[in-house]
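*Asks:* Provide a 3D model corresponding to the input given below.
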Amino acid sequence: MNVQYPKKLSLVAGAMLLLAIPPMWPYGYYQLLRWVVCGVAAYNAYGAHCGKRKGWVFTMIGIAVLFNPIAPIFLDKATWVVLDVVTALIMLIFSKKVGFNPLVSR
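*Replies:* Okay, here's the model as predicted:
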């Protein structure tokens, strides 16, 4: 696996989060967003664990729980806008600072 792959996943999730800010999408987009962000955050948590970066592990687990599509957390739109921006920034920072290759890290 190429090291760039996880970085691109984080960037895609971040872009999707920023696209979710304007209220122009059908509800299905937000459901897809939950699946993508939760999956990417879980994968990033695994990669951070492999790289022994505990702070990032807990951050990504928190994001995965927040965006969990199976037991969703319901908040108002204004709160989600703030969370989307903050989470997009975290994904961007993760992609720039942490980047990992789980097949090489172990």
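
*Asks:* going forward, measure contacts and count neighbours with C-alpha atoms only.
*Replies:* Fine.

*Asks:* Can you check which helix is longest in this structure?
*Replies:* In the chain, assigned by DSSP state H, the helix with the most residues is helix 27-50.

*Asks:* now it, how far from the centre of its chain.
*Replies:* Counting by Cα atoms, centre = their mean, to the nearest Å, helix 27-50 is centred 5 Å from the centre of its parent chain.

*Asks:* downstream neighbour of that helix in the secondary structure list?
*Replies:* Following helix 27-50 in sequence order, the next helix or strand is helix 54-66 (DSSP states H and E).

*Asks:* From residue 87, how far off is residue 64?
*Replies:* When Cα to Cα, to the nearest Å is applied, the distance between residue 64 and residue 87 equals 10 Å.

*Asks:* I'd like the average pLDDT over stretch 15-26.
*Replies:* Across stretch 15-26, the average pLDDT comes to 92.

*Asks:* Span of that stretch from start to end?
*Replies:* Span of stretch 15-26 from end to end, Cα to Cα: 17 Å.

*Asks:* what does stretch 17-30 give?
*Replies:* 9 Å.

*Asks:* list the buried ones in that stretch?
*Replies:* Across stretch 17-30, burial judged by 16 or more other Cα atoms under 10 Å covers 17-21, 30.

*Asks:* Measure how far it is from the centre of its chain, please.
*Replies:* 15 Å.

*Asks:* quick one: low-confidence ranges for the chain?
*Replies:* Applying pLDDT under 70 to the chain picks out residues 1-6, 99-106.

*Asks:* Is residue 24 in a helix, a strand, or coil?
*Replies:* Classification of residue 24 using DSSP: H, G, I helix; E, B strand; the rest coil returns coil.

*Asks:* what residues are up against it?
*Replies:* Taking Cα atoms under 8 Å, 6 or more residues apart in numbering, we find residue 24 in contact with no residue.

*Asks:* Could you measure from the spatially closest residue to residue 13 that is not a sequence neighbour over to residue 26?
*Replies:* Distance criterion Cα to Cα, 6 or more residues apart in numbering; nearest residue to residue 13, sequence neighbours excluded, is residue 37 at 5.6 Å. As judged by Cα to Cα, residue 37 and residue 26 stand 17 Å apart.
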